[in-house]
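Colleague: Provided below are the primary sequence and the corresponding predicted coordinates.
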Amino acid sequence: MTPSAYDDKNVFAKILRGELPSHRVFEDDKTVVIMDIMPRGDGHVLVVPKAASRNIFDIKLVDLNALMATAQKMAHTVVKAFDADGTTIQQFSEPAGGQVVFHTHVHVIPRFNGVSLKPHTGEMADNDLLAEQAAKIRAALG
């Protein structure tokens with residue numbers, strides 16, 4: 001399998017360039033963490049590398065390491081912020097793997113015993129709710 005070339009017109013590239021709004025909860029020199037606008041649970045965030053890559057197949061190892069370090073940090077943070085029982089971490093690569101936006105990213109979703117993930121409906125969450133949850137996560141970061 002040969003993945004397609006990276007397209008810098010994808011939604012995350014536009015967010016990184018400041019062309020589209022987002023609720024940012026964390027940023028360092030290599031990654032940005034934003035609220036997922038179609039969350040599958042409260043506190044669902046996306047960890048996005050700043051460097052251009054399509055997915056797991058073409059991301060540079062240094063960027064993958066930074067991405068996963070931030071994903072781990074956010075797993076601890078969202079569990080603390082939402083008093084969750086655990087977390088789900090997801091990364092999709094290529095259409096057959098479920099990828100929809102072709103810029104590498106990792107989903108970090110707080111999880112609660114007995115509560116299923118919401119289906120991915122394509123319906124956007126309330127902006128005020130996302131802002132409230134983003135503030136809660138930023139507060140948990142300290």
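Modeller: Alright, I've got the coordinates. All of these numbers come straight from a predicted model, not from anything done at the bench.
Colleague: and the end-to-end length of stretch 117-126?
Modeller: When the termini of stretch 117-126 are compared using Cα to Cα, to the nearest Å, they are 18 Å apart.
Colleague: what's that stretch in contact with?
Modeller: Surrounding stretch 117-126, the residues in contact under the criterion Cβ atoms under 8 Å, 6 or more residues apart in numbering are 37, 38, 39, 40, 41, 88, 109, 111. In this view, the C-beta of every residue, glycine as well, is placed from N, C-alpha and C.
Colleague: ok, now stretch 82-98?
Modeller: For stretch 82-98, the external contacting residues (Cβ under 8 Å, 6+ apart) are 1, 3, 42-43, 55-57, 71, 75, 78-79, 99-100, 104-113, 117, 136.
Colleague: ok, now with 6 Å
Modeller: Counting by Cβ atoms under 6 Å, 6 or more residues apart in numbering, the neighbours of stretch 82-98 from elsewhere in the structure are 42-43, 55-56, 71, 75, 79, 99, 106-113.
Colleague: list the buried ones in stretch 85-101?
Modeller: Along stretch 85-101, the positions that meet the burial threshold by neighbour count (16 or more other Cβ atoms under 10 Å) are 87, 91, 92, 93, 99.
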